[in-house]
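> Provided below are the primary sequence and the corresponding predicted coordinates.
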Amino acid sequence: MFHLLHGYRNYNMAKNDTLILTSLTLIGIGVVLLIVFFFSGGFISTKSEHAIEPAWLPRTIDEIYDSFYTIETDMHEYIWPTDITNIMTSAFGEFRSTHFHIGIDISTLGRIGAPVFASRDGYIEQIGVSPFGYGKYIVMRHRDGFSTLYAHLDSFNDPVEERVYEHQEKNGRYSVTVHFEPDEFWFNQGETIARSGSTGSGPPHIHFEIRDTNNNPVNPKFSSHITVNDKVPPTFNRLAVIPADSRAFVNGRITPVTLPAVAIRSGDFIMQNPIRISGKIGLAVDVDDRNSDTWYRHGIYAMEFFIEDSLVYSLQYDRLPLEYRHQIRMHYDHHLLRTGRGRYRKLFIDEGNLLPLYSRREHGSGFIKAHDLDPGDHTFRIVASDFSGNSSSLSGTLTVEDKSYVADVPPAPDIDNLPRRSFSESALYIRCEIYRDMLIANITHPEFIDTPLPLIVGYGNDTAVVPFIHSRDFTHQSRIRLDPSSSTIQFQYVYDDTVYTHTEQVYSIRPERAGEITIDDGNLILSYDQGAVYYPVFFTVSRIETNEDYYYVFNSTSSVMEKGIRFSIRVPETIEPFDRTIVYTRSGSRWSTHGSLREPEKRRLNGTSRQMFNDIKVGVDTTAPVISDVVVSGNRNVRLRFKPSDDESGINHTSLQIKLDDEILIGRYDPDLSLVIYNTREPFEPGTYALSITVEDRAGNSTEYNRTVTIR
């Protein structure tokens, strides 16, 4: 019996003991909400939404946790799936840019070809082969319905390898997914099912997962046989203190403050100075771990957060819902990730979070509401643990301010008789950004201003006077709490006896609505269904156009979506040829091609962003790929290597075709090395053959390489 209970597991369970997992809670908020995007600059011409009778209901704690509570299995039956090392380089639940790491990574000491064993009796249910992601992988199904997955393999057990190759030849391509019947390939525990490799991504290693009957990943370290040498406690690196509402301040600031954690001894960290707070505050931590046999930094297993001696938040990585693995971007602070300040795990449960990781705590748990605390000092303590039972603590002091900074708002300046100009006509610079449910206005002056006059804000039917907080150098910040019922924000700011004006267009998507947003006179249209996002989202968008680029920059509360957003982009007549246009999306500073369909009669590109939505760009690629460094060797046992490359839209690996005369050869494509390798399975007869290699890029440009090959 596999139970998920509250509290930490017993680290010394005997082989046949009942196993106890911790099903951590999630935010019992359930709204499946809508996220879409963001547009600014005053060029959004229309927006329509139509109300729908709500088909969704908020998800209760029981709905989030019950399927993760009790499962029939014996985790102690699983063994370590290789004998080359027992070194773990990545832990269950670790951060990946778009998802949680849902298994463990095992070092092969840089070696390819180490044996990979069946961790438990079972049959091969599925084999996958791809240049990306898992690379070559095996899924084994076990008698109780649980399954194991082994990834980044170099090759399979010989009979299995032969069956996979038959499918590759039949389909004429390297990438295949093959399903098997229960009586086809049965393996006993400990038998070799594959050899380790580096296919898919990363250096040589073995990725190993255990999944339950609902295909949800389980922490493999619950098996008493899957252990590592670990006597090293976690390390706290930094603490983030996050203003969570429009009346919150941290050390006098209105945006997140990050502070270093100071080690005073092994496993014991402190914050050197008290942290001044008012309003609603959240904490987040940058913490990691390693084991005794490696310097690889990896994730922790559990965490607890105490105010004084009261537990207000807890976390354990026991199991993860595969459906919501992309909510990694809600589990960590989105603003700090997006701005490149680091990976900070929240110590609070935000609205929309559907992860069963927080011991059945409701959404909103973990927030500090300063107005509920007495003015003065309050201690806090954060405890992080790894799966081997090593733990570290970070302690500090929160000083609750006895007044609100908002009370210091000066009177509004008299602007009736002052001349007016826009910010674009001045030496001032204004930049607005979405932060949670607030808009932060940053105004940079050409000189240092000790006490700038307050900002006059017109929003909906209201006008407010909003004070500034000094940010850095010549920049001051102000903030406005956003209202879903209003969209246009008008700023008036007095500087040098002149009123400078700016208008910001802010839109919101609410959970109960489906709709369509028309932007830039219809050049960009976004549409979405009810429940497209997890919680109400505010957004802006601006269009950037240069001689070479044409793209939209989005600024939103979050980029994590439940269902996805459809986009349709009208391609200007100046961008030709249309049949070589392609959509790119940007994450950070990197542009990557994004799948889309061309609609020639309307000159539109249509696509869907399914989990995350980033900046989007229309580009043209008329340059064909290059095939270079072609090497043929081995005589009758033909070995072939070559490099396909494309500097614009990138190689379409499914288009790759290699032929010797009329025989299709299945080559392995390694995108990390931009290399294709083919090794013959059966010797060719001596003679002269025509070698043909063709490949396309993602815009549809193709290249063909031809030569004569003599086999002796």
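Yes, it's here.
> what sits against residue 154?
112, 113, 136, 194, 195, 196, 197, 198, 199 (C-beta atoms under 8 Å, 6 or more residues apart in numbering). In this view, the C-beta of every residue, glycine as well, is placed from N, C-alpha and C.
> Of these, just say which sits nearest to residue 178.
Taking C-beta to C-beta as the measure, residue 136 is the one of the contacts of residue 154 closest to residue 178, at 11.2 Å.
> Please report how far that closest one lies from residue 400.
56 Å (C-beta to C-beta, to the nearest Å).
> Who has more neighbours out of those two?
Remark: of residue 136 and residue 400, residue 136 carries more neighbours, 24 against 19, as counted by other C-beta atoms under 10 Å.
> how about the helices of the stretch 301-450 of the chain, start to end?
328-331, 334-338 (DSSP state H, counting those that start in this stretch).
> Need the winner for burial among the ones you listed.
Neighbour counts (mean count of other C-beta atoms under 10 Å) averaged over each of the helices of the stretch 301-450 of the chain peak at helix 328-331, with a mean of 22.
> could I get it in CSV with only the CA atoms?
C-alpha atoms of helix 328-331 as CSV (Å, rounded to 0.1, in the frame of the first residue of the first chain):
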residue,chain,number,x,y,z
ILE,A,328,6.9,25.1,-12.7
ARG,A,329,6.6,28.7,-13.8
MET,A,330,3.9,29.3,-11.0
HIS,A,331,5.9,27.3,-8.4
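> neighbouring contacts of it?
For helix 328-331, contacts defined as C-beta under 8 Å, 6+ apart pick out 95-96, 98-100, 337, 345-346, 350, 352-353, 355, 357, 534, 558-560, 612.
> Distance from it to the middle of the chain?
Relative to its parent chain, helix 328-331 has a centroid offset of 7 Å by C-alpha atoms, centre = their mean, to the nearest Å.
> what do you get for stretch 150-162?
The chain centre lies 29 Å from the centre of stretch 150-162; the measure is C-alpha atoms, centre = their mean.
> tell me which residues in it are buried?
For stretch 150-162, a neighbour-count test (16 or more other C-beta atoms under 10 Å) marks 150, 151, 152, 153, 154, 155, 156, 157, 160, 161 as buried.
> In helices only, show me these.
In helices, judged by DSSP state H, the following of those are found: 160, 161.
> Would you point out which residue is most central in the chain?
residue 98 (2.2 Å; C-alpha atoms, centre = their mean).
> ok, for that residue, nearest residue in space, not its chain neighbours?
residue 326 (5.9 Å; C-beta to C-beta, 6 or more residues apart in numbering).
> Let me know the distance separating the one you found from residue 609.
If you go by C-beta to C-beta, the gap between residue 326 and residue 609 works out to 12 Å.
> Which one of those two is surrounded by more residues?
residue 609 (21 against 18).
> just checking, the more buried one touches residue 564?
Yes. Contact criterion C-beta atoms under 8 Å: residue 609 and residue 564 qualify, at 5.9 Å.
> Output the below-cut-off pLDDT ranges for the stretch 201-350 of the chain.
For the stretch 201-350 of the chain, no stretch has pLDDT under 70.
> Apologies, that question was intended for the stretch 351-500 of the chain.
Regions of the stretch 351-500 of the chain meeting the criterion pLDDT under 70 cover residues 403-409.
> same deal with the stretch 1-150 of the chain?
Using pLDDT under 70, the stretch 1-150 of the chain drops low at 1-58, 70-71.
> Is it possible to get JSON lines of the helices of the stretch 301-450 of the chain that adds distance to residue 589?
Converted to JSON lines, those look like this (distance: least, C-beta to C-beta, whole Å):
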{"stretch": "helix 328-331", "distance to residue 589": "18"}
{"stretch": "helix 334-338", "distance to residue 589": "12"}
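> Tell me which of the ones you listed lies nearest to residue 246.
helix 334-338 (15.1 Å).
> now that closest one: how far from the chain's centre is it?
11 Å.
> can you check stretch 542-557 too?
With C-alpha atoms, centre = their mean as the basis, stretch 542-557 stands 22 Å off its chain's centre.
> Correct me if wrong: residue 517 contacts residue 508.
No. Between residue 517 and residue 508 there is no contact under C-beta under 8 Å: 10.7 Å.
> Torsion angles phi and psi at residue 288?
With angles defined as degrees, to the nearest 10, residue 288 sits at phi -140, psi -180.
> Could I get the contacting residues of it?
Neighbours of residue 288 in contact, by C-beta under 8 Å, 6+ apart: 234, 235, 237, 297, 298, 299, 300.
> domain ranges for this structure?
Split into domains by automatic domain parsing, the chain comes to 80-222, 235-400, 626-711.
> got TSV for the ones you listed, with distance to residue 619 too?
Formatted as TSV, the domains of the chain follow (distance: least, C-beta to C-beta, whole Å):
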stretch	distance to residue 619
domain 80-222	22
domain 235-400	23
domain 626-711	7
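> Enumerate every residue touching residue 493.
Per C-beta under 8 Å, 6+ apart, neighbours of residue 493: 423, 428, 430, 443, 452, 453, 455, 456, 499, 500, 501, 502.
> Let me know how buried residue 310 is, in neighbour terms.
Residue 310: 8 surrounding residues under other C-beta under 10 Å.
> try residue 422
12.
> can you give me the strands for the stretch 501-650 of the chain?
507-509, 513-519, 524-528, 537-545, 550-556, 565-570, 581-587, 590-594, 597-599, 604-609, 615-620, 626-633, 639-645 (DSSP state E, counting those that start in this stretch).
> and those, which is most packed in?
strand 507-509 comes out most buried of the strands of the stretch 501-650 of the chain by mean count of other C-beta under 10 Å, with a mean of 25.
> Work out the gap between that one and the centre of the chain.
For strand 507-509, the separation from the chain centroid amounts to 22 Å (computed by C-alpha atoms, centre = their mean).
> thinking residue 560 is in contact with residue 534, fair?
Yes. Counting by C-beta under 8 Å, residue 560 touches residue 534, with 6.5 Å between them.
> Of the two, which one has the most company?
The residue with more neighbours, out of residue 560 and residue 534, is residue 534; 28 against 25, by other C-beta under 10 Å.
> what about the nearest residue to residue 185 once chain neighbours are set aside, which SS state?
Spatially, and ignoring its direct neighbours in sequence, residue 185 is nearest to residue 124 (4.1 Å; C-beta to C-beta, 6+ apart). Assigned by DSSP: H, G, I helix; E, B strand; the rest coil, the conformation of residue 124 is strand.
> In the sheet, which residues pair with residue 124? Tell me.
Residues in a beta bridge with residue 124, per DSSP bridges, are residue 140.
> ok, it - contacts?
Counting by C-beta under 8 Å, 6+ apart, residue 124 has contacts 138, 139, 140, 160, 180, 184, 185, 187, 193.
> rerun that using 10 Å as the cut-off
118, 138-141, 156-157, 160, 163, 178-182, 184-187, 193-194 (C-beta atoms under 10 Å, 6 or more residues apart in numbering).
> Can you say which of those are buried?
118, 138-141, 156-157, 160, 163, 178, 180, 185, 187, 193-194.
> out of these, which one sits closest to residue 618?
residue 178 (37.6 Å).
> Without its sequence neighbours, what residue ends up closest to residue 253?
That would be residue 469: by C-beta to C-beta, 6+ apart, it lies 6.3 Å from residue 253.
> Check whether that neighbour really touches residue 477, as I assumed.
Yes. Using C-beta atoms under 10 Å, residue 469 is in contact with residue 477, at 5.2 Å.
> When these two are compared, which one has more neighbours?
More neighbours surround residue 477 than the other of residue 469 and residue 477, with 21 against 15 (other C-beta under 10 Å).
> circling back to that earlier point, closest to residue 581 out of the domains of the chain?
It is, among these and with distance given as C-beta to C-beta, domain 626-711, at 7.5 Å.
> can you tell me the distance between the two ends of the closest one?
Using C-alpha to C-alpha, to the nearest Å, the end-to-end distance of domain 626-711 comes out at 26 Å.
> Next: stretch 142-159.
End-to-end for stretch 142-159, by C-alpha to C-alpha: 20 Å.
> try stretch 421-440
21 Å.
> mind listing what's buried in that stretch?
For stretch 421-440, using 16+ other C-beta under 10 Å, the buried residues are 423, 426, 428, 430, 432-440.
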